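1. Sequence first, then the predicted structure, then my questions.
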Amino acid sequence: MLGGYLKRAAILGLVATTAVTTLAACGSSKDSSGGKSKGPVTLTYVNWDGGMQDVVDEWNRLNPDVQVKLSKPSGTGYTLYNKLITNNRAGTNPDITEVEYQALPALIANKVVVPIDDYVGDLSGDFDKASLAQVQFDGKTYGVPQNICPMIFFYRKDVFDRLGLKAPTTWDEYAAAAETIHQHNPKQFIGNFTAADAGWFAGLAQQAGADWWTASGSKWTVAIDDAPTRKVADYWGGLVQKGLVSPEPNWSPQWNTDMNNGTLVGWVSAQWAPNQLPGIAKDTAGKWVAAPLPAWTPGDRTVGIWGGETEAVTANSKHPAEAAKFVKWMNSSAGGAKILIEKVAAFPASKANQQLDALKTPPTFMSNQPDYNTLMAQQAGNARTFQIWGPNANVTFDSYSNAFAAALQNKTPLSAALPQIQRATVDDMKQRGFDVTG
């Protein structure tokens, strides 16, 4: 389960098939037989996560009349989504596809996926609002949330202890700790600001109260250059300007080296980080500790999310009822969630499944923190997300990388880059036919 990890890949533009003005007009999820098929059914399912075959195998064992055939896509992320949009017109899409949360509105707007409310029922009893907000649009449900990825602060406990520092509980404390660390060792930083990860910055903006997109019927409002987002940009821009955080982007070879050799002694990341740290900082196992994300106001527990995904039933599926049943079993049942935890390294969005025995053992890289998953469950309950992701988040993400990288290069205020990201997002939505202001 890679969570936000794929966002380090190059962002590709989604194909616009037609001018669309709302996410709602995407057709019904029922067919003339009420959705259920007669006789044995084989469902096709595309997913790039390692370990997913174990989930499929267990479903197939339990459901001999509804078999699932898993295949890996030729490309991940937006490479896959582009292909789904193109193939939708030809009617050749699989029954079920993996979708990252921020990309789901684009597939809805292009009528690639369909609502599944008639088959999965009311999900509000097992999922909190932050999770459901990722898959519900205009009163319809387009997937069952698979995982939730609250943002977390990871830090090198050995370094913090040596300097007499505790995990910062506020962003003011984070800045103070950054100064202490850098004064003690000018080659060392508490963390980095990354221009390569718009999802990272979006999660921080969510915590501050931003809503980059809102929609009312067919009318959209874009507010990327809003006060909460400017506050976040100015805060990190100030740390960069003072030389207290590294401007090295996540996932670069130099960043990996800095994480491994102790140049970087903290990482503002998300729940899935321990799954990536062995490949990033293999020599530091046992030295990291996870703590709640620092708050803007003392005592506020709100956090944003970075990453996460669902499975969606496509408009091309001839078996939507069976496909939706598989999706719900995978992401809601204890049996499905247990395999996702053990084989896919997912942290379930389902509240009940956050208490499974499979989560009593922490990730290997965090073996020194046995209550790691307890902390993740607590922070998942504090998560705040955007009211809705926009139908062109990929354009926003691409503009973020360009505008913020240029600001770092030119040593200009990060908040001064926000109007450029705002304009790029609005202009693209207008070009695609959306009724948008901002």
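-> Nice, thanks for sending it over. Residues are numbered from 1 along each chain as shown.
2. can we go C-alpha only for contacts and neighbour counts from here?
-> OK.
3. Enumerate every residue touching A133.
-> Counting by C-alpha atoms under 8 Å, 6 or more residues apart in numbering, A133 makes contact with T385, F386, Q387, I388.
4. which pair in those residues spans the largest distance?
-> T385 and I388 (8.0 Å; C-alpha to C-alpha).
5. higher neighbour count, those two?
-> T385 (26 against 20; other C-alpha atoms under 10 Å).
6. Low-confidence bits of this protein, can you list those?
-> Within the chain, the segments meeting pLDDT under 70 span 1-39.
7. Which parts of it are strands?
-> With DSSP state E as the criterion, the chain has strands at 41-46, 66-71, 96-100, 136-137, 140-141, 144-145, 151-156, 213-216, 219-222, 266-270, 288-292, 309-313, 435-437.
8. Which stretch among those is buried most, on average?
-> strand 144-145 (a mean of 30; mean count of other C-alpha atoms under 10 Å).
9. what's that one packed up against?
-> Under the contact criterion of 3 or more C-alpha pairs under 8 Å, 6 or more residues apart in numbering; DSSP states H and E, strand 144-145 touches helix 129-132, strand 309-313, helix 320-332.
10. Go ahead and name everything in contact with that strand.
-> By C-alpha under 8 Å, 6+ apart, strand 144-145 touches 123, 127, 131-132, 134-135, 309-312, 327-328, 331-332, 349-350.
11. What strands line up against it, and which way round?
-> With DSSP bridges as the test, strand 144-145 is paired with strand 309-313 (antiparallel).
12. Now do the strand it pairs with: distance to the chain's middle.
-> Relative to the chain's own centre, strand 309-313 is displaced by 13 Å; criterion: C-alpha atoms, centre = their mean, to the nearest Å.
13. can you dump the C-alpha coordinates of that strand into CSV?
-> Output of strand 309-313 as CSV, limited to C-alpha atoms (Å, rounded to 0.1, in the frame of the first residue of the first chain):
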residue,chain,number,x,y,z
GLU,A,309,-7.3,5.0,-2.3
THR,A,310,-10.5,3.1,-3.0
GLU,A,311,-11.8,0.7,-5.6
ALA,A,312,-14.4,1.9,-8.1
VAL,A,313,-16.9,0.0,-10.3
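14. which one is K69 nearest to, not counting chain neighbours?
-> Spatially, and ignoring its direct neighbours in sequence, K69 is nearest to T44 (4.9 Å; C-alpha to C-alpha, 6 or more residues apart in numbering).
15. Surely that neighbour touches I96?
-> Yes. Taking contacts as C-alpha atoms under 8 Å, T44 lies within contact range of I96: 6.4 Å.
16. circling back to that earlier point, G299 is nearest to which of the strands of the chain?
-> Nearest to G299, of the strands of the chain and by C-alpha to C-alpha, is strand 288-292 at 11.3 Å.
17. who touches the closest one?
-> 151-157, 167, 169, 366, 368-369, 372, 375, 379.
18. and the angle for it with strand 266-270?
-> Between the axes of strand 288-292 and strand 266-270, defined by axes from the mean of the first three to the mean of the last three C-alpha atoms, to 10 degrees, the angle is 60 degrees.
19. Now do strand 288-292 against strand 151-156, angle only.
-> Interaxial angle, strand 288-292 versus strand 151-156 (the same axes, to 10 degrees): 150 degrees.
20. mind exporting strand 288-292 as CSV, just the C-alpha atoms?
-> The C-alpha trace of strand 288-292 is given here as CSV (Å, rounded to 0.1, in the frame of the first residue of the first chain):
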residue,chain,number,x,y,z
TRP,A,288,12.6,6.9,14.6
VAL,A,289,9.5,7.6,16.6
ALA,A,290,6.1,8.7,15.4
ALA,A,291,4.2,11.6,17.0
PRO,A,292,1.0,13.5,16.3
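21. let's have the chain start at 57 instead
-> Got it, the first residue is 57 from now on, which makes the last one we talked about strand 344-348.
22. Which neighbours in the sheet does that strand have, and how are they oriented?
-> Strand 344-348 is paired, per DSSP bridges, with strand 207-212 (antiparallel).
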